[in-house]
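K.L.:
Any chance you could fold what I've pasted below:
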Amino acid sequence: MVLAALLLGGCGFRLQGRTPLPPVVRSPFLEVPDRQSDFVQYLRHALLSNGAQLTPEREKASAVVSILRDGVTRRVLSVSATNQPNQYEVTYTVAFSVNAKGQELLPPQELTATRTYSFDERLLLAKNHEEEILRQDMARDLADMVMRRLASL
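P.N.:
Numbering: from 1, shown residues only. Modelled structure (predicted):
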């Protein structure tokens, strides 16, 4: 067991969890169009759980994380013979950039997550709930991607 732990530690394997943040993003200011979106909530939570101290004032922040775009789109993928939707595709898109003291640390970048789900008109409430769960899952995935990019600074 000890040998397995040493081998895993030697290859760079880490359990998922805390991502060590560089000093430049330890007290960031979040510049967001909608503070209540799923993505922003998950990003705030990820920053706080990884040791960041969110700064309420832009001037006092070590870095400014600007969320340039935060949106969800849905499109029909297939329809039945009666022209009813059978399958939808939900896409969550986020664009962000990071600046510190007038220097661009990360240029504007766009991240996208896409999920598909089947649709049945008879199960409307359940399918709406499924779509909401997919949106939250995509927002969590995108927040994790942003955190990995911030950790690489």
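
K.L.:
Could you use CA atoms for every contact and neighbour count after this?
P.N.:
Will do.

K.L.:
got the contact list for Leu47?
P.N.:
53-54, 147 (Cα atoms under 8 Å, 6 or more residues apart in numbering).

K.L.:
next one: Asn99
P.N.:
Applying Cα under 8 Å, 6+ apart, the residues contacting Asn99 are 63-65, 105-106.

K.L.:
Quick check: which helices or strands does the host helix or strand of Asp141 pack against?
P.N.:
Following DSSP states H and E, one finds Asp141 within helix 124-151. Counting contacts by 3 or more Cα pairs under 8 Å, 6 or more residues apart in numbering; DSSP states H and E, helix 124-151 packs against helix 38-49, strand 85-100, strand 103-118.

K.L.:
Filter the contacts of Leu47 down to the buried ones.
P.N.:
Among the contacts of Leu47, those buried by neighbour count (16 or more other Cα atoms under 10 Å) are 53-54, 147.

K.L.:
would you list these in CSV and tack on pLDDT?
P.N.:
As requested, the buried ones among the contacts of Leu47 are arranged in CSV below (pLDDT from 0 to 100):
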residue, pLDDT
Gln53, 93
Leu54, 94
Met147, 94
